[in-house]
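J.: Sharing a model prediction with you, sequence too.
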Amino acid sequence: MNSHILDRLCDAQDFGELTQALVAVCEPFGRIHAVQLTHNKRAGHVSCLIELDSAKQQPALKRALGATGLNGSVYLEIPVAPDFAPPGPAPELEESVPTVFCRTEAHPPLPL
């Protein structure tokens, strides 16, 4: 992975900070459609799966990050500190980070 970007992402102390850093890193390539973060405490990293709104930009994002791909998504593993995401209440996200995702008619909600 690109060391300049890796340093930026590794500094995150929790999922909120990591999400904000990912949004900033991905911004030149377009909006993030979906992101999945999985913390593996034993391995000391967060697995990250990113999908952009524009699938055409995903190969460019992969190259810029030095990441790999998984089923058309961008996949990377971010090393984190042992005290990453301590237990407690979730931190507040900045206003620039979307917290509500709207469904469109092309992607209606799943039936219950």
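T.: Sure thing, it's come through. Numbering: from 1, shown residues only.
J.: which helices and strands does the helix or strand harbouring residue 16 pack with?
T.: Assessed by DSSP states H and E, residue 16 sits inside helix 15-26. Helices and strands touching helix 15-26, by 3 or more C-beta pairs under 8 Å, 6 or more residues apart in numbering; DSSP states H and E, are helix 3-10, strand 32-40, strand 45-52. Bear in mind the C-beta positions are built from the backbone N, C-alpha and C, glycine included.
J.: Return the distance of that helix from the chain's centre.
T.: Computed by C-alpha atoms, centre = their mean, to the nearest Å, the chain-centroid distance of helix 15-26 equals 6 Å.
J.: report the angle between the axes of that helix and helix 3-10?
T.: Helix 15-26 and helix 3-10 are oriented at 150 degrees to each other (axes from the mean of the first three to the mean of the last three C-alpha atoms, to 10 degrees).
J.: give me the beta-bridge partners of residue 40?
T.: Beta-bridge pairing of residue 40 under DSSP bridges involves residue 45.
J.: That one and residue 47 touch, don't they?
T.: Yes - counting by C-beta atoms under 8 Å, residue 40 does reach residue 47; the two are 6.6 Å apart.
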